[in-house]
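Engineer: Here's my sequence, what's the structure:
(one chain, ligands or ions: 3)
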Amino acid sequence: MRYAHTVEQVRAAEGELRQLLPEGTLMQRAAAGLAATCAELLRASGRIYGSRVVLLVGSGDNGADTLFAGARLAARGARVGAVLLDQDRVHRAALTAFRAAGGVLTGDQREGCAEIARADLVLDGIVGIGGRGGLRAGALPYLRAVERAGVPVVAVDLPSGVDADTGEVAGDAVRAAVTVTFGTHKPGLLVDPGAEYAGVVRLVPIGIAVPSAAVEALQHADVAALLPRPSGESDKYRRGVVGIAAGSARYPGAAVLAVSSALHAGAGAVRYTGSAAAEVVRAHPEVLVSDQGPAQAGRVQAWVVGPGLSDGEEAQRTLDQALDAAVPLLLDADALRLLARRGPVPRPDLLLTPHAGEAVALLAGAGVQATREQVEASRLPYARRLAELYGCTVLLKGSTTLVAGPDPAVPVRVNPTGTPWLATAGSGDVLSGLAGSLLAAGLAPLDAGSVAAYLHGLAGRTASGAAEGAPITASEVAAALPAAWRDVARGAETVLSLGKQLRIG
Ligand SMILES: NC(=O)C1=CN([C@@H]2O[C@H](COP(=O)(O)OP(=O)(O)OC[C@H]3O[C@@H](n4cnc5c(N)ncnc54)[C@H](O)[C@@H]3O)[C@@H](O)[C@H]2O)[C@@H](O)CC1
Ligand SMILES: Nc1ncnc2c1ncn2[C@@H]1O[C@H](COP(=O)(O)OP(=O)(O)O)[C@@H](O)[C@H]1O
Ligand SMILES: [K+]
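Structural biologist: Ligands and ions are numbered 1, 2, ... in the order given. Next comes the predicted model:
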């Protein structure tokens, strides 16, 4: 599991440890880890000796870490220049160490920008966890120079301008190739839009012990431990039967897709009820179909209601029957809009899987007005809010998928395997069938949602191909689920080569 903690938690843990250690120890640990990563990057693209490095140095300890790391690089022969964003407020000891090691201060803004244009690497030490609001105006000319030169940036602790606790970006922020973060991950490094700015994230342990995380991300081993596997005692009923109420005359395909992924997940059998029975059986002869609603469709261990269901009276009846059944329930797509009309039905065994637009409808159903843009910009707070308002687990889909439970003390799960190639029609139907099947196999809603998102992301990547990828269909994502499952079950660490993907390992 990969954990992320809030600024408040980090500060409390650092405060405790600092009492026990000689002054400056934590900062030196941070600087050493930072310098080691920078040295590795410089070596990979040439050599350290004679390479050009520019430090963007803010007024706090983030700037101090950067100066101490710059001193280490200068001592190894790099030509390191520092831009002081606030000439009057700079960590004195760090500046002294930097100059003693041969580091130089750049002159005025023009000279600083010219240095950036020639640099091999820029370190962003403008602000770390002490940053508030968007970046201040003084830093912007240097950011523009970095963008013009296309020089890679290593962000120190987190990209300046990204909110550490939420991943929100108010105004400008640094776009890093690599972020070297200290002690623990910060939620803003794992959740978009912040995660987009962080690039590859590397954690430098500095010895702090932090309590229960605010956010966590599953890794292969965690998912492998949660995957339901049949044993010698198993039969199809004991493995769990999932019921799918989906599809309509207009959208029969949604039913086929949800059923198809449900068949490839943990359940031993899939029941289908709805108007697309003929299409479902043609595609998947192994499915038990019924034209009755959930109340008469036979026993299941979990229901999935919503993909392509439409929102008429029949759909409403289907939802009501599924809500009455005393088994775990996943609501997606049209069922979410129907639920929004009626408002929260708090149930610990309920899993909602909205995208941002459906989240807006659910929020409105609970009396909270928000726009799609607001939800996308503040994914973490809105996922938490929805889970609290609806008293159930919420999987918020999109650029980073989050799964939040109703108890605010339980960490929100962020999915590390997503790929934008999944933004293809019907891929949400595949996700809901998969998660429903895992619910039927006995996983708790938080586990079912996060394991489903993990496998769905891996399947998307597998279907799309390595590196740059290629467009995929939702059917191909469903077909790639067994490969994703095997990959996880083997326990092999998938080495995914692109920047964002490296966070998995
Ligand atoms: N606290 C500790 O024990 C450790 C802290 N470390 C470093 O210290 C950092 C936190 O240091 P600080 O608490 O001094 O805070 P920061 O250095 O993150 O930022 C605070 C300073 O930035 C200014 N500032 C705030 N918002 C800004 C904005 N939007 N634009 C420009 N300037 C802004 C403030 O006026 C203040 O002077 C961490 O991110 C990490 O890099 C590490 O050395 C590890 C140990
Ligand atoms: N930019 C993105 N990056 C990663 N995943 C995405 C992105 N956009 C959408 N997705 C994923 O694609 C799927 C789309 O689901 P959904 O919006 O319900 O589409 P549909 O209704 O067509 O099935 C979700 O799993 C979502 O998380
Ligand atoms: K920074």
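
Engineer: from here on, contacts and neighbour counts on C-alpha atoms
Structural biologist: Noted.

Engineer: how does the protein divide up, domain by domain?
Structural biologist: Residue ranges for the domains of the chain, per automatic domain parsing: 2-217, 229-504.

Engineer: right, and the ones you listed - which one's nearest V223?
Structural biologist: domain 229-504 (6.1 Å; C-alpha to C-alpha).

Engineer: Show me what the strand or helix carrying A74 is in contact with.
Structural biologist: Per DSSP states H and E: A74 is located in helix 61-75. Helix 61-75 has contacts (C-alpha atoms under 8 Å, 6 or more residues apart in numbering) with 27-28, 30-32, 34-35, 39, 48, 55-57, 80, 82, 90-91, 94-95, 97-103, 123-129, 156-157.

Engineer: out of those, which are buried?
Structural biologist: 27-28, 30-32, 34-35, 39, 48, 55-57, 80, 82, 90-91, 94-95, 97-99, 101-103, 123-129, 156-157 (16 or more other C-alpha atoms under 10 Å).

Engineer: In helices, which of these fall?
Structural biologist: 27-28, 30-32, 34-35, 39, 94-95, 97-99 (DSSP state H).

Engineer: Out of those, which comes closest to ligand 2?
Structural biologist: For those, the minimum distance to ligand 2 (C-alpha to the nearest ligand atom) is 29.3 Å, reached by L34.

Engineer: quick one, the helix holding A74 and helix 92-100 angle?
Structural biologist: 20 degrees (axes from the mean of the first three to the mean of the last three C-alpha atoms, to 10 degrees).

Engineer: Put the alpha carbons of helix 61-75 into CSV.
Structural biologist: Output in CSV follows, covering the C-alpha atoms of helix 61-75 (Å, rounded to 0.1, in the frame of the first residue of the first chain):
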residue,chain,number,x,y,z
ASP,A,61,12.3,25.4,4.5
ASN,A,62,11.4,24.1,1.1
GLY,A,63,13.9,26.6,-0.3
ALA,A,64,16.4,25.5,2.4
ASP,A,65,16.1,21.9,1.4
THR,A,66,16.8,23.0,-2.2
LEU,A,67,19.9,25.0,-1.3
PHE,A,68,21.3,22.2,0.8
ALA,A,69,20.8,19.8,-2.1
GLY,A,70,22.3,22.4,-4.5
ALA,A,71,25.4,22.5,-2.2
ARG,A,72,25.7,18.7,-2.5
LEU,A,73,25.5,18.9,-6.3
ALA,A,74,28.0,21.8,-6.5
ALA,A,75,30.4,19.8,-4.4
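
Engineer: That one and ligand 1, any residue contact?
Structural biologist: Yes - on the criterion C-alpha under 6 Å from any ligand atom, helix 61-75 is in touch with ligand 1 at D61, N62, G63, D65.

Engineer: Could you check the pLDDT of the second one?
Structural biologist: Translated: N62. With respect to pLDDT, N62 has a value of 98.

Engineer: Quick check: which of the ones in helices among the buried ones among the contacts of helix 61-75 are also close to ligand 1?
Structural biologist: Within those, those near ligand 1 by C-alpha under 6 Å from any ligand atom are M27, A30.

Engineer: hmm, which two among the ones in helices among the buried ones among the contacts of helix 61-75 are most spread apart?
Structural biologist: Longest distance between any two of those is 20.1 Å, between A39 and L95; criterion C-alpha to C-alpha.

Engineer: which ones are touching G77?
Structural biologist: With C-alpha under 8 Å, 6+ apart, G77 has these contacts: I48, Y49, G50, S51.

Engineer: does G133 count as helix, strand or coil?
Structural biologist: Three-state assignment for G133 (DSSP: H, G, I helix; E, B strand; the rest coil): coil.

Engineer: Which residues of this protein lie near ligand 2?
Structural biologist: Selection of the chain residues close to ligand 2 by C-alpha under 6 Å from any ligand atom yields 355, 397-399, 401, 418-420, 422-429, 431.

Engineer: What strand or helix carries the residue in the stretch 151-300 of the chain that ligand 2 sits nearest to?
Structural biologist: Nearest to ligand 2 in the stretch 151-300 of the chain, going by C-alpha to the nearest ligand atom, is A254, at a distance of 7.8 Å. Using DSSP H and E, A254 sits in helix 252-263.

Engineer: any idea how far that helix is from the chain center?
Structural biologist: 25 Å (C-alpha atoms, centre = their mean, to the nearest Å).

Engineer: Give the rounded mean pLDDT of the helix or strand just after it.
Structural biologist: Downstream of helix 252-263, the first helix or strand assigned by DSSP H and E is strand 269-273. For strand 269-273, the mean per-residue pLDDT is 97.

Engineer: Quick check: which helices or strands does strand 269-273 pack against?
Structural biologist: strand 241-245, helix 252-263, strand 288-290 (3 or more C-alpha pairs under 8 Å, 6 or more residues apart in numbering; DSSP states H and E).
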